[in-house]
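Colleague: Give me the fold of what follows.
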Amino acid sequence: MLSKSRYQWLLNRLRQQPAGLEECNPDLVVEYSKATSAKVLYRLNDYPRCPQLVRDFDKLVKHGLMHRKRSYLYDLNGFMLAPRSTYVYRLTPVAKNTITWVDR
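Modeller: As a prediction, the model looks like this:
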């Protein structure tokens, strides 16, 4: 899949979920890999990772179409899971109502 189509897919996915997307969300990683045929890394006792998804998020943040906010992972009892953190991405006001292509 071309990079423009991947960016458009991510922007449309964020428009459907205005609360934001977590970078380590396993459902998002699997859905993204099925849509774009990107490779996913699976490790024991860890979330699946998709390097292509991380690069696409970084590119959209760089171009000002998304905001990135650090979020720490907590379990159901409220204790922090390791000092590991993830990012939550939200659309900027500019990107909410426009269709924008981003490429090199």
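Colleague: Out of the helices and strands in the chain, which is least certain?
Modeller: When each helix and strand of the chain is scored by mean pLDDT, DSSP states H and E, helix 93-96 comes last, with a mean of 72.
Colleague: burial of Asp58, as a residue count?
Modeller: 14 (other CB atoms under 10 Å). No exception for glycine: its C-beta is placed from N, CA and C like everyone else's.
Colleague: hmm, I was thinking of His67
Modeller: Neighbours of His67 (other CB under 10 Å): 16.
Colleague: repeat for Glu23
Modeller: Counted with other CB under 10 Å, the neighbours of Glu23 add up to 20.
Colleague: Without its sequence neighbours, what residue ends up closest to it?
Modeller: Using CB to CB, 6 or more residues apart in numbering and skipping the chain neighbours, the partner closest in space to Glu23 is Tyr87 (4.6 Å).
Colleague: May I have the phi/psi pair for that neighbour?
Modeller: Per-residue torsions, Tyr87: phi -120, psi 140 (degrees, to the nearest 10).
Colleague: Pairing partners for it in the sheet, please.
Modeller: Arg70 (DSSP bridges).
Colleague: give the contact list for it.
Modeller: Counting by CB atoms under 8 Å, 6 or more residues apart in numbering, Tyr87 makes contact with 22-23, 57, 68-71.
Colleague: Let's see that with 7 Å instead.
Modeller: By CB atoms under 7 Å, 6 or more residues apart in numbering, the contact list for Tyr87 reads 23, 68-71.
Colleague: Next, format those residues as CSV and append pLDDT.
Modeller: Shown next, in CSV, are the contacts of Tyr87 (pLDDT from 0 to 100):
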residue, pLDDT
Glu23, 83
Arg68, 89
Lys69, 87
Arg70, 82
Ser71, 78
